[in-house]
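# requesting a structural model of the entry that follows:
(2 chains)
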Amino acid sequence: MSDLGFQPHEEVPATEAPRRTGIGVFLRWEVLLLVLLGGTIGYGADVSPYFLHSTNLFYICLNVGEVAIMALPLTLIVVTGEIDLSVASTLGLSGVLMAELFKHGWPIWPAMVMAVVLGAFLGGVNGFLVTRIGLPSLAVTIGTLTLYRGIAQGILPTDTIGGFPTGLASIGVVPIPHTHIPYSIAFFLALAVVFGIVLHATPLGRAIFAIGAGQEAAFFAGIRVKRIKFWLFVLSGTLSGFAGVLWTLRFASARYDDGVGMELFVVTIVLLGGISIFGGRGTIAGVIVAVAVLGTLQTALTADLIPAQDQNIVVGTLLVASVIIPNGGELYRRARVRLRSAQARRHAAAAAHAEGQ
Amino acid sequence: MTAVAEEQAVQPHVSSHTFAELLLRFRELGIVLALVLVVGATTIDNHLFLSATNVQQILSGASIIALLAIGETIVIITRNVDLSIGSVLGISAYATGELYVHHPHVPLALVFLLAVGIGVGCGIVNGLIVTVARVPSLVVTLGTLYIIRGIDGAWAGGNQVNASMLPNSFNKIGYGTIAGVPYLGIIAIVTVAIATYAMRSFRTARDFYAIGSDPDAARVAGIPVGSRVFLAFVLSGAIAGGAGAVWLSYYASVDAIAGAGYEFQVIAAVVVGGVVIFGGSGSVLGAALGALLLNTINSALVVVNVSSFWSQALAGALLVGAIAFDRLIAVRVAPALRTRRRARV
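All right, here's what the predicted structure looks like:
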């Protein structure tokens, strides 16, 4: 079982299609990502001389904080071969609940806790539908994406709720004292360390990889496939709820459409980070670099005065590209095989023709 | 005594199986029943619900979703999904509007040709990436959803095309009626009829079902899976493109966010209409009825004084409810089907 996680490659003979196997793929992918990061930073520095100033770096981190936090549990979910598209809607609904409770006289702390609890519950609904009823996570989370956002809209159709206590709300916009790191990114980094250790150095992490590599095999190896998946969805919901709290504090207000369309960014980070959409492969390190790439890219594009709509073109392209490129080697191999067999057929036909004469 | 008890215990079990099977087999009938219930209950509450204007409005609104649902049904039957249809509709609607702004006297046929052509272009991109690069359609169409919407936004900017810039003959498609039936309803009904016939009779269409049931088996059976899936995406794009022109004629004004979020309503309608999200099963007619049901409920909510802001939540709940319901029914029916097969052997 231990070989299902991270080093199945050592057992693969070197002669067998080295392109697709080996830690080399990860290394190359992550190297590619670092090059890409260098590119986005270079682009940013080219656009604005202040790009690498600490203040700007602070805003880059601030912008990407919530997305980054939500990308971590989604990474684990994608590694198991599932998907959660409802993260942005969970963020929105949690923020709305927090604001509504606050408006109705709750103190801010319990309201924040309830928002996270709601996130956990919403994730649990996803997990229940996927693991206990046996529905495809794609369909379930498209449904709950609509449902959670719809509930948020029903509760808070047109208003914006604000007026949070200034001391706390400023957490969303000030750095940790004596540093230039916003709270959200600090949470992300701390969580990333935990996630990295759990995914890459514990039996649970190996089980998660095993599920992604082959669900049935994992089941017969004694892994509690459904239970693990269920709790991963709960985790995703919990951290999305937490991201909703951070988001609400950052903007010091809540609206039903907070974070609409953010699932694009979260999914892009995960796939750009080198997590295979087919499950079973990827590293937390890749996801961390992908966060940096997307954060710098977004800020650089904004500094270049490119409107948000057009930025979506770039991010969408990045998403599609980050899935096509890892497939590239495989595609090339297939095309060559096809070409060869076509050639062989032609030769055979020519030979048969010659024989016939 | 025990025998009787046993029989009693067995009896409802068997009948519930047959009932479940009925539900599964005659989904369209179920939707029609639900429609009658919703309409009946709402009409008792407010008799104006069945007034000609309201019925026409429901029909027109449902027609656009029903059109999109036809294309989405084809894609889902092949075990794929197309999330980009709302964006395709949006960009095609805006292109149609722009065309009229610059060439007010362009013939109607050419307008629809352009709209469908834009959709085909988008469908080709989706289909090529899905089939040639072998990337899951979810990721591809999530990407193109935002890419196409982004192109639309870059093109339209804050611009808006209004009814006054559109010729009357075009606007009339949106509000005109024949014998009380709105044009849009007729367009949808004709398209559904053609699609239903095609999906039943054409070999290519049967291939869609085969691919969705089991892609590997379909490949072994000699079905060109790649080109069929490609075709499904092109058809879905073409229909979404055409629906863009229809959308513009109905709403008579278009900006950069036209059709945003439609994909979820459409998928909800398709799934409620009995198209199995795992692929391989379902009908265009069911999906169209699903769209009608969704729109009718939305309209009914307003009549019974529920804010229309809840309509998105309703679509989501119906989507989740429908797939869960299908799954539970399928699990219940499976043993019955197995026993019958064994009995036949």
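
# rest of the way, CA atoms for contacts and neighbours
OK.

# correct me, but residue A:91 touches residue A:238?
No: in this structure, residue A:91 is not within contact of residue A:238 by Cα atoms under 8 Å, at 9.4 Å.

# what sits in contact with each of these two?
Counting by Cα atoms under 8 Å, 6 or more residues apart in numbering or on different chains, the contacts common to residue A:91 and residue A:238 are residue A:119.

# which ones are touching residue B:192?
Counted by Cα under 8 Å, 6+ apart, residue B:192 has contacts B:67, B:70, B:284-285, B:288.

# make a markdown table out of those and add distance to chain A, neighbour count and secondary structure.
Shown next, in a markdown table, are these (distance: Cα to the nearest Cα, whole Å; neighbours: other Cα atoms under 10 Å in any protein chain shown; DSSP: H, G, I helix; E, B strand; the rest coil):
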| residue | distance to chain A | neighbour count | secondary structure |
| --- | --- | --- | --- |
| B:67 | 20 | 28 | helix |
| B:70 | 18 | 27 | helix |
| B:284 | 19 | 31 | helix |
| B:285 | 21 | 23 | helix |
| B:288 | 19 | 30 | helix |
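
# quick check: the farthest pair among those?
Greatest spatial distance in the contacts of residue B:192: B:67 and B:285, 10.7 Å, computed using Cα to Cα.

# what does the stretch 151-300 of chain B put close to chain A?
B:151, B:153-154, B:264, B:268, B:277-278 (Cα under 8 Å from any Cα of the partner chain).

# from those residues, which ones fall inside helices?
When DSSP state H is applied, these are split such that B:151, B:153-154, B:264, B:268 fall in helices.

# among those residues, who's most crowded?
residue B:268 (30 neighbours; other Cα atoms under 10 Å in any protein chain shown).

# max pairwise distance over the residues of the stretch 151-300 of chain B next to chain A: which two?
Spatial extent of those (Cα to Cα) is set by the pair B:154 and B:278 at 35.7 Å.

# what residues does the stretch 1-150 of chain A have near chain B?
Listed as neighbours of chain B in the stretch 1-150 of chain A under the rule Cα under 8 Å from any Cα: A:129, A:133-136, A:138-140, A:142-150.

# return the helix or strand in chain A with minimum mean pLDDT.
helix A:166-169 (a mean of 76; mean pLDDT, DSSP states H and E).

# and that helix, what's buried?
Neighbour counts using 16 or more other Cα atoms under 10 Å in any protein chain shown place residue A:169 of helix A:166-169 among the buried residues.

# quick one: list the elements packing against it.
Judged by 3 or more Cα pairs under 8 Å, 6 or more residues apart in numbering or on different chains; DSSP states H and E, helix A:166-169 is in contact with helix A:225-251.

# quick one: the helix it packs on to chain centroid distance?
Offset of helix A:225-251 from its chain centre (Cα atoms, centre = their mean, to the nearest Å): 12 Å.

# in terms of secondary structure, what does that helix contact?
Against helix A:225-251 (3+ Cα pairs under 8 Å, 6+ apart) you get helix A:54-79, helix A:87-103, helix A:108-127, helix A:166-169, helix A:215-220.

# which of those sits most buried?
Neighbour counts (mean count of other Cα atoms under 10 Å in any protein chain shown) averaged over each of the helices and strands packed on helix A:225-251 peak at helix A:87-103, with a mean of 29.

# what is the mean pLDDT for it?
Averaging pLDDT along helix A:87-103 yields 95.

# tilt between it and helix A:108-127?
150 degrees (axes from the mean of the first three to the mean of the last three Cα atoms, to 10 degrees).

# which strands and helices sit next to helix A:87-103?
On a contact count with 3+ Cα pairs under 8 Å, 6+ apart, helix A:87-103 meets helix A:108-127, helix A:137-155, strand A:161-162, helix A:225-251, strand A:253-254, helix A:262-272.

# any idea how far that helix is from the chain center?
Centroid separation for helix A:87-103 versus its chain: 21 Å, with Cα atoms, centre = their mean.

# quick check: the closest residue in space to residue A:117 that isn't next to it in sequence vs chain B, distance?
Leaving aside its sequence neighbours, residue A:117 sits nearest to residue A:238 (Cα to Cα, 6 or more residues apart in numbering or on different chains; 6.7 Å). With the distance defined as Cα to the nearest Cα, to the nearest Å, residue A:238 ends up 20 Å from chain B.

# now do the contacts for residue A:238.
Contact partners of residue A:238, counting by Cα under 8 Å, 6+ apart, are A:116-121, A:123.

# which stretches of the stretch 201-350 of chain A have low pLDDT?
Scanning the stretch 201-350 of chain A for pLDDT under 70 picks out the ranges A:329.

# what residues does it put near chain B?
So far as Cα under 8 Å from any Cα goes, the stretch 201-350 of chain A lies against chain B at A:264, A:277, A:309-317, A:319-320, A:323-324, A:327-328, A:331.

# among the residues you listed, which ones are buried?
A:264, A:277, A:309-317, A:319-320, A:323-324, A:327, A:331.

# hmm, residue B:238 and residue B:92 touching each other?
No: Residue B:92 sits out of contact with residue B:238 when judged by Cα under 8 Å, with a separation of 10.0 Å.

# list residues touching both of these two?
Taking Cα under 8 Å, 6+ apart as the contact rule, residue B:92 and residue B:238 both touch B:116, B:118-119.

# ramachandran angles for the closest residue to residue B:278 other than its chain neighbours?
Leaving aside its chain neighbours, residue B:278 sits nearest to residue B:79 (5.8 Å; criterion: Cα to Cα, 6+ apart). In terms of degrees, to the nearest 10, the main-chain angles of residue B:79 are phi 70, psi 40.

# ditto for the one 5 residues further on
The phi and psi values for residue B:84, taken as degrees, to the nearest 10, are phi -90, psi 0.

# out of the helices and strands packed on helix A:225-251, which is closest to residue A:256?
helix A:87-103 (6.0 Å).
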